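Engineer: I would like the atomic coordinates for the input below:
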Amino acid sequence: MHAPRCDQTPAWSALATHFDVAGRAFDLRQAFAQEPGRAAALSLAAPEVHADLSKNHWDATTRSLLLQLARECQLEARRAALLAGEPVNHTEGRAVLHTALRAPKGQGAFSEEVHEVLERMLAFVEAVRASACEPDGIRHIVNIGIGGSDLGPQMVVPALDAWVHPQIQCHFVSNVDGHDIVPVLRRLDARRTLFIVASKTFTTQETMANAEVARAWFLQAYGEGAEAAIGRHFVATTTNIEAAARFGIHTTFGFWDWVGGRYSLWSAIGLPIALAIGAENFRALLAGAHAMDRHFASAPLEANLPIQLGLLDVWYRNFHGYTSRSVAPYHQGLKRLPAYLQQLEMESNGKCVDQDGAALPYGTSPVVWGEAGTNGQHAYFQMLHQGTDVIPVEFIAVKTPEYGPAPLPDAVRTGLADQHRKLLANCLAQSQALMQGKATEEALGEKAPTASKSLGALTIARHRTFPGNRPSTTLVLERLTPASLGALIALYEHRVWASGALWGINSFDQWGVELGKALCSQLLPRLANGDISGLDGSTAALLQRLRH
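Structural biologist: Predicted structure coming up:
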């Protein structure tokens, strides 16, 4: 469906006026002083996730105008079209139905096909997991993929470490650089390893290069009978069954063209996840995502967490001019979440033309980046607190830790409980410090033992001044479980769609990935033959320098 672009609505003009009058000079400290109930009023609940949005640069008027913008851009009707399976990916003529992958049987589009693959995959999973304790059973899972075929599983498996089979180790290989796969192969026992080749077309350059190396290693390391054993030790998540068979793979699990790569962990691409955590927990991951789908589909806009976050993204990107967002999960299991979100958001919304191909006069996707807390505090938080750019931060806190079923001594559990309190205190302190800052007058009244004795007190105080009024969002999970992780990921998926829909772009294609791939194919033979004809001067000189 065709809807008005955000900058072509009355609400957009009203937001611009509101920003000039009240938004530009908005101060969080004043807002909390004037609004005693601000935290409660700006907190939202969604399945498995509590969100505190009160430390953001907006007020009731801002939210009201943003909701008006959503309605003028027909966001509700466009959401319905998305979920109904209309071809909203219009540049490729495809529906976008990753939500169908986590719908209970009989409740989603293509339900019979989806659940046939799911049931077959999970039966395979349980058989492999059952073999792990046998003398010659599978102990190592190596997922070979890239992009959406790698980032999702590589993020989820360590996040759910407490549920991973104790006898199974998962490894992930994605980079075409041989330095990625060689250290993995070095740790494997060929007879106890299962390789998963994850490529929808079975032609992805990086994936197939790594798969060929893995195959060559296996044939050498396995020894007698290796050719016949490939069918037992290699499986594929692909739709190109013929190409997989030529490789020697006979066990394949497919998916559909309405499953985009960065939305595919719920499909057969999630095979390494299921092998790690088991069928029951994989179903719980799907159920958590489905619960968030229902919230996204039915909650009113003002109480709809994904849409509220998407509206806030537009407010920050296009009115405040904030060009990046830092994601700081205060849970080591979520250490790969920022990398996963980079693809989800920047590949989806890093576009410069609207649905009709017209150049956009405003910014779209912010740069998404981050690191697990507290590590990030000792790396880049200096810039967040005192740098010249204002960068909204998204904190993720988990109330209760999960360390798995293995028994731990009481002294260890006591120590871990203390560590978790320290972790949560750090999370709260960072968002508080970003908002409150520290005035020069306050710094003047403090002692700074490490400060130079040769500098004046005022100079030192200015170096120890924090501007404050820096925005943040805090998302809280009670526990990091398969269900809550599923809900969290789905929350981000729908949030990205909401901001993309308001910007009037197609969030589901990725033509920007193609040009580099095409040029790589042209340059590859030149590295072998040395032909530099027709190349620009820089590329020609670099190619000659890099030739062996």
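
Engineer: Now do the buried residues in the helix or strand hosting H115.
Structural biologist: Using DSSP states H and E, H115 falls within helix 111-131. By neighbour count on 16 or more other C-beta atoms under 10 Å, the buried set for helix 111-131 is 114-115, 117-118, 121-122, 124-125, 128-129, 131. Yep, even glycine has a C-beta here, placed from its N, CA and C like the rest.

Engineer: Could you look up the SS state of G108?
Structural biologist: Classification of G108 by DSSP: H, G, I helix; E, B strand; the rest coil places it in coil.

Engineer: I figured it was touching V114, is that so?
Structural biologist: Yes: assessed by C-beta atoms under 8 Å, G108 is found in contact with V114 at 6.7 Å.

Engineer: Pop the domain breakdown of the chain in here.
Structural biologist: According to automatic domain parsing, the chain comprises the domains 6-88+298-441+455-503, 98-284, 514-546.

Engineer: Can you convert those domains into JSON lines and add a column each for distance to H290?
Structural biologist: Output for those, formatted as JSON lines (distance: least, C-beta to C-beta, whole Å):
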{"stretch": "domain 6-88+298-441+455-503", "distance to H290": "8"}
{"stretch": "domain 98-284", "distance to H290": "4"}
{"stretch": "domain 514-546", "distance to H290": "32"}
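
Engineer: As TSV, the ones you listed with mean pLDDT and distance to K447 would be great.
Structural biologist: Below are those laid out as TSV (pLDDT from 0 to 100; distance: least, C-beta to C-beta, whole Å):
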stretch	mean pLDDT	distance to K447
domain 6-88+298-441+455-503	98	10
domain 98-284	97	42
domain 514-546	96	54
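
Engineer: how about the strands in this protein?
Structural biologist: All strands of the chain, identified by DSSP state E, fall at 43-46, 49-52, 140-144, 169-173, 193-198, 234-237, 252-253, 324-330, 367-370, 393-400, 472-479.

Engineer: buried residues in the last one?
Structural biologist: In other words, strand 472-479. Counting neighbours by 16+ other C-beta under 10 Å, one finds that the buried residues in strand 472-479 are 472-477.

Engineer: Please report the distance of the residue of the chain most remote from its centre from Q386.
Structural biologist: Distance from the centre of the chain peaks at S454, with 47.7 Å (C-alpha atoms, centre = their mean). According to C-beta to C-beta, to the nearest Å, S454 and Q386 sit 22 Å apart.

Engineer: now swap in R120 and tell me
Structural biologist: 55 Å.

Engineer: What of L423?
Structural biologist: Applying C-beta to C-beta to L423 and Q386 gives a distance of 23 Å.

Engineer: More neighbours: the two, which one.
Structural biologist: L423 (18 against 15; other C-beta atoms under 10 Å).

Engineer: circling back to that earlier point, for the helix holding H115, packing partners?
Structural biologist: Other helices and strands packing on helix 111-131, by 3 or more C-beta pairs under 8 Å, 6 or more residues apart in numbering; DSSP states H and E, are strand 252-253, helix 271-277, helix 279-298.

Engineer: Contacts for that helix next, please.
Structural biologist: Applying C-beta atoms under 8 Å, 6 or more residues apart in numbering, the external contacts of helix 111-131 come out as 100-101, 103, 105, 108, 137-138, 165, 168, 194, 235, 251, 253-256, 267-268, 271, 274-275, 278-279, 282-283.
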